[in-house]
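In: okay, structure incoming, though there's no sequence with it:
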């Protein structure tokens, strides 16, 4: 779930240490943020402490990611407190008793979305690294003064302290899942998200901050993300069934759900199958993705070169139910719905998963993607899983592609990419 309402236990601790990030500002020039397809030294994950829906284990998904990558690179396991640390160590040290690739850190956090509030490692003109620190308001569900938001906003600063890295901060709100970079100066963002988070900033002002914090030379503004990634408080969505479906505390359109750089000149972009257009969610996604395709087709990179655009299928819409006692349900029943609808508190509801084949993790030797077919589901889900895997293998021919059932994570509003963060080999001298 994109924001927890169970954060009160942390409040006293974090208010006492909530110092201003401005005091850590360093007047150093950022040259770039690396592309995720470049060599990395480690991948950060946050150890989960709850499930978004009863019976859908986020811990199981996390363990599957670790199993897929443990021989490839270091994995940093961030734990919210000492109790969580002991739990994670007990499980992982028993499973991997002889590995040196697991690193454990205690860093306060509420949620698992390391991509959004985790450490953004950038290169400086002197060859060293720093952490770019944007502001945070829990994906637009609260404000920057909310205790949970402040806890998450401090996450990257605490990483910087542990790694002895300088911080370059901004009051601008931006999440890592809405920024795709090619490593040479071009940035893709979803306009709906960035302008929604910063209604009082112009595009020019935001671009200036991308340049200052990330070394960006060119910004390409894509219009809208996927419909099932809409803010939950906007109201439930029409479906091709009789039920309306609630989104699951989603971001309102993060770019990593629909467009990804797989090298410095090639973009994977979501595509809706024509057979799905009777589904109102898929029909709207088709309109949005074709608009984004037109923008990308008419755009160039930082050097004026056109992009190679490869289309990636979207899964059919995945609907399931949630009931009282499910973590997401118990939060979204507290929201005020802007469409005037009333949440049917106490009743089972239909929800739509934040499902996408674009939300994959890139590492040095392995690509970790998402799959959706389960026993009893239509064969079309399996066919698209296989098509997505084939495309990923084609664009990453020198890496092994592993597809994981990530629905437990998707039911919290994101995917595998959202719960991970890349770390390059750091230089601080």
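Out: Yep, that arrived. Every value quoted in this text rests on a predicted model; they were computed, and no experiment measured them. Residues are numbered from 1 along each chain as shown.
In: going by C-alpha atoms from here, please, whenever you check contacts or count neighbours.
Out: OK.
In: who's in contact with the closest residue to residue 402 other than its chain neighbours?
Out: For residue 402, ignoring the flanking residues on the chain, the nearest one in space by C-alpha to C-alpha, 6 or more residues apart in numbering is residue 368 at 4.9 Å. By C-alpha atoms under 8 Å, 6 or more residues apart in numbering, the contact set of residue 368 is 65, 68, 360-362, 401-404, 416.
In: most neighbours, which of these?
Out: residue 416 (27 neighbours; other C-alpha atoms under 10 Å).
In: which phi and psi values does the residue nearest to residue 402 adopt?
Out: The phi and psi torsions at residue 368 (degrees, to the nearest 10) take the values phi -110, psi 110.
In: and if you look at the one 10 residues further on?
Out: Main-chain dihedrals, residue 378, degrees, to the nearest 10: phi -60, psi 150.
In: ok, now residue 225?
Out: Dihedral pair for residue 225: phi -90, psi -160, per degrees, to the nearest 10.
In: and it, how far is that from residue 43?
Out: Distance check for residue 225 against residue 43: by C-alpha to C-alpha, to the nearest Å, it reads 26 Å.
In: so which of those two has more stuff around it?
Out: Legend: neighbour count by other C-alpha under 10 Å for residue 225 and residue 43, higher for residue 225 (28 against 21).
In: so what's the more buried one up against?
Out: Contacts for residue 225 (C-alpha under 8 Å, 6+ apart) come out as 190, 192, 252-255, 257-258, 285, 288-289.
In: which of these count as buried?
Out: 190, 192, 252-255, 257-258, 285, 288-289 (16 or more other C-alpha atoms under 10 Å).
In: quote the end-to-end distance of stretch 171-189.
Out: Across stretch 171-189, the terminal residues are separated by 18 Å (C-alpha to C-alpha).
In: average pLDDT for that stretch?
Out: The average pLDDT for stretch 171-189 rounds to 98.
In: how far does it sit from the chain's center?
Out: Centroid separation between stretch 171-189 and its chain, computed with C-alpha atoms, centre = their mean, to the nearest Å, is 12 Å.
In: ok, now stretch 256-275?
Out: 15 Å.
In: of all the residues in it, which ones are buried?
Out: Buried, per 16+ other C-alpha under 10 Å, within stretch 256-275: 256-273.
In: and that stretch, what's its mean pLDDT?
Out: Stretch 256-275 comes out at a mean pLDDT of 97.
In: run through who's touching that stretch.
Out: With contacts defined as C-alpha under 8 Å, 6+ apart, stretch 256-275 is touched by 35-37, 177-184, 225-226, 282-283, 285-286, 289, 293, 301, 306-314, 356-359, 395-396, 417.
In: can you say which of those are buried?
Out: Neighbour-count burial (16+ other C-alpha under 10 Å) is assigned, among the contacts of stretch 256-275, to 35-37, 177-184, 225-226, 282-283, 285-286, 289, 293, 301, 307, 309-314, 356-359, 396, 417.
In: low-confidence ranges, the stretch 301-429 of the chain, go.
Out: 428-429 (pLDDT under 70).
In: kindly recompute the last result at 50.
Out: Low-confidence segments of the stretch 301-429 of the chain, defined by pLDDT under 50, are absent.
In: which stretches of it form helices?
Out: Ranges of helices in the stretch 301-429 of the chain, per DSSP state H, counting those that start in this stretch, are 327-332, 379-395, 407-410.
In: ok so, going back, ok, so of the buried ones among the contacts of residue 225, who is nearest residue 93?
Out: Checking the buried ones among the contacts of residue 225 against residue 93 with C-alpha to C-alpha, the nearest one is residue 257 at 32.8 Å.
In: re earlier: among the buried residues of stretch 256-275, which are in strands?
Out: 259-261, 266-271 (DSSP state E).
In: what would the buried ones among the contacts of residue 225 look like in a markdown table with distance to residue 156 and secondary structure?
Out: Shown next, in a markdown table, are the buried ones among the contacts of residue 225 (distance: C-alpha to C-alpha, whole Å; DSSP: H, G, I helix; E, B strand; the rest coil):
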| residue | distance to residue 156 | secondary structure |
| --- | --- | --- |
| 190 | 22 | strand |
| 192 | 24 | helix |
| 252 | 23 | coil |
| 253 | 23 | coil |
| 254 | 20 | coil |
| 255 | 21 | helix |
| 257 | 22 | helix |
| 258 | 25 | coil |
| 285 | 33 | helix |
| 288 | 32 | helix |
| 289 | 32 | helix |
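In: show me the shaky parts of the stretch 1-150 of the chain.
Out: Across the stretch 1-150 of the chain, the ranges flagged by pLDDT under 50 are 5-26.
In: for residue 76, give me its contacts.
Out: Residue 76 makes contact with 42-45, 102-105, according to C-alpha under 8 Å, 6+ apart.
In: can you give me the strands for the stretch 201-350 of the chain?
Out: With DSSP state E, counting those that start in this stretch as the criterion, the stretch 201-350 of the chain has strands at 218-222, 245-246, 259-261, 266-271, 308-313, 319-322, 349-352.
In: mind checking which of those strands is nearest residue 132?
Out: Set against residue 132 and scored by C-alpha to C-alpha, the strands of the stretch 201-350 of the chain come closest in strand 218-222, at 17.1 Å.
In: identify the residues contacting the closest one?
Out: Strand 218-222 is contacted from outside by 185-191, 207, 292, 295-296, 299, 301-302, using C-alpha under 8 Å, 6+ apart.
In: out of those, which is nearest to residue 115?
Out: Of the contacts of strand 218-222, the one sitting nearest to residue 115 (C-alpha to C-alpha) turns out to be residue 189, at 14.4 Å.
In: list phi and psi for residue 44.
Out: For residue 44, the backbone dihedrals are phi -90, psi 140 (criterion: degrees, to the nearest 10).
In: any idea how far it is from residue 107?
Out: On the measure of C-alpha to C-alpha, residue 44 and residue 107 end up 12 Å apart.
In: so what's in contact with these two at the same time?
Out: residue 78.
In: nearest residue to residue 38 other than its sequence neighbours?
Out: Closest to residue 38 by C-alpha to C-alpha, 6+ apart is residue 364, at 7.5 Å.
In: tally up the residues packed near the closest residue to residue 124 other than its chain neighbours, please.
Out: The shortest distance from residue 124 to any non-neighbouring residue, by C-alpha to C-alpha, 6+ apart, is to residue 30 (4.4 Å). For residue 30, the neighbour count with other C-alpha under 10 Å is 24.
In: I figured residue 285 hits residue 223, correct?
Out: No: the pair residue 285 / residue 223 is not scored as a contact, 11.7 Å apart, by C-alpha atoms under 8 Å.
In: which parts of the stretch 101-250 of the chain are helices?
Out: Under DSSP H, counting those that start in this stretch, the stretch 101-250 of the chain gives helices at 114-117, 147-153, 155-163, 191-197, 203-214.
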